[in-house]
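# Any chance you could fold what I've pasted below:
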Amino acid sequence: MIKFVFIFAALFLASIATSGCNKTDKPPAIAIEKQTPKAAQPANVPAASQTTTPQAAPKEAEAQNAFSVENVPISNVALGDFPYFNAPEGYKITTNQGKKFDTEYFFIEGKLVPISGDSFKAHIGSFDGSSSAFISPQVREAYSSLMKKVGAVRVPGAPPTREEIDRIGVKAILGNNHGFTFNENRLDKIETYLLRTPTEEIWVQYFIGNESGNIVVIRKKDMTKATITLMDATQMKKDILATGKAILNINFDTDKAILRPEANSLIVEISQLLKNDSSLKLSIEGHTDDVGDAARNKVLATERAQAVVDKLVGMGIATTRLTASGFGASKPIAANDSDINRAKNRRVELVKIQ
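Numbers count the residues shown, from 1 in each chain. Next up, the predicted model:
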């Protein structure tokens, strides 16, 4: 009996194995594949197995895109005479504060950059003078279109930060009229352009407000190109023969009549001038700028002229050949509107006595 059961079981298992070998394979209804979890990748960062082109670091990319004057195309559009641009039709220039040489702070990529040269600084208003007739979007669009027409390129970048403004100082910007378009409360309304011609670099900046606007045009010039004539005895004689006087910038201590050491060489040249021509007599005349009290400036100018006379007498020049007088700020040779011009007015003149 036991043998029979064993034989039956063996036959049954063999039949199952045979039927499994003859069965046709079919795909499962739902394929479930067990996957090895991958490490999470940061957004936009490729997996380690991928080959990628190195990307520039943020600061490097910024440097590559930084504004450069050399990258601004040269424009050959005929501009006419400086300052080139007028007010839009229906508007007018109400004030022109241009100078032969001036400075303005321009907005360049969040920085305040001083640019100097021939300047045109003007207010823009409606033709009838009323604020209601001033349509700021219209004026802004007119200037923007004009800049494109002449080939000017708008300088990119955000307005200067509070830190950048403090670096220069509002007083330095506005006090010297170097921020004609500067409006601390509307920095986002200021637009800056650069126009390059084959021979010139022209900077334009304008602020268009709700009721009026300001525009600045600077034809850039390098102040270092100016030449200085050495003022020696020979040059002094030439000036006196040509104009009857020689103008000198002799250095004194501030608000004093004490000659500074660097003035000695100039005094020596005056002495040589007088020794070369024994018949020459000079009126030594002192002048100041308009800073301070007028009466005090006149006294100071006289004292400084006398200090020059005393120095010359000490070098052997007879007192009968010299006189001293002071005029303070009453005879300026330049407008007292800048440090450069005020320096011109602080002078000593050698006037020939007939």
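
# Mind checking what secondary structure Leu95 has?
In this structure residue 95 is Thr, not Leu. Classification of Thr95 using DSSP: H, G, I helix; E, B strand; the rest coil returns strand.

# Please apply the same query to Leu194.
Put simply, Leu194 is strand when judged by three-state DSSP.

# Quick check: pLDDT value at it.
In this model, Leu194 is scored at 96, pLDDT.

# That one pairs with what?
Beta bridges link Leu194 to Val153, Trp203 when assigned by DSSP bridges.

# Let me see the contact set for it.
Val69, Val72, Ala152, Val153, Val155, Glu201, Ile202, Trp203, Val204 (Cβ atoms under 8 Å, 6 or more residues apart in numbering). Using the backbone N, CA and C atoms, a C-beta is placed for each residue, glycine as well.

# next one: Gly117
By Cβ under 8 Å, 6+ apart, Gly117 lies in contact with Phe101, Asp102, Ile218, Arg219, Lys220, Lys221.

# Save these as a markdown table, and put in distance to Glu89, secondary structure and neighbour count too.
Formatted as a markdown table, those follow (distance: Cβ to Cβ, whole Å; DSSP: H, G, I helix; E, B strand; the rest coil; neighbours: other Cβ atoms under 10 Å):
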| residue | distance to Glu89 | secondary structure | neighbour count |
| --- | --- | --- | --- |
| Phe101 | 31 | coil | 13 |
| Asp102 | 28 | strand | 23 |
| Ile218 | 25 | strand | 24 |
| Arg219 | 24 | strand | 19 |
| Lys220 | 29 | strand | 14 |
| Lys221 | 31 | coil | 17 |
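
# Out of the contacts of Leu194, which one has the lowest pLDDT?
The member of these with the lowest pLDDT is Val69, and it reads 90.

# Near Asn249, how many other residues are there?
Number of residues near Asn249 (other Cβ atoms under 10 Å) recorded here: 12.

# Give me the nearest residue to it, chain neighbours excluded.
Arg347 (5.6 Å; Cβ to Cβ, 6 or more residues apart in numbering).

# How about the backbone phi and psi for that neighbour?
phi -150, psi 170 (degrees, to the nearest 10).

# Same question for Asp118.
phi -60, psi 130.

# if you skip the residues just before and after it, what's nearest to it?
Closest to Asp118 by Cβ to Cβ, 6+ apart is Arg219, at 4.2 Å.

# which residues touch Gly125?
Gly125 touches Tyr91, Lys92, Thr94, Phe134, Ser212, Gly213, counting by Cβ under 8 Å, 6+ apart.

# Who does it form a beta bridge with?
Lys92.

# Tell me the bridge partners for the residue nearest to Asp118.
Asp118, Ile202.

# what helix or strand does the residue most central in space within the chain sit in?
Centroid-nearest residue in the chain: Pro114, 2.1 Å away (criterion: Cα atoms, centre = their mean). Taking DSSP states H and E as the definition, one finds Pro114 inside strand 111-126.

# Between strand 91-96 and that strand, find me the angle.
With axes from the mean of the first three to the mean of the last three Cα atoms, to 10 degrees defining the directions, strand 111-126 sits at 120 degrees from strand 91-96.

# Buried residues in strand 111-126, which are they?
112, 115-126 (16 or more other Cβ atoms under 10 Å).

# of the residues you listed, closest to Gly244?
Distances from Gly244 to these, taken as Cβ to Cβ, are shortest for Asp118 (31.9 Å).

# check contacts around the closest one.
Listed by Cβ under 8 Å, 6+ apart, the contact set of Asp118 reads Phe82, Gly98, Lys99, Lys100, Phe101, Asp102, Ile218, Arg219, Lys221.
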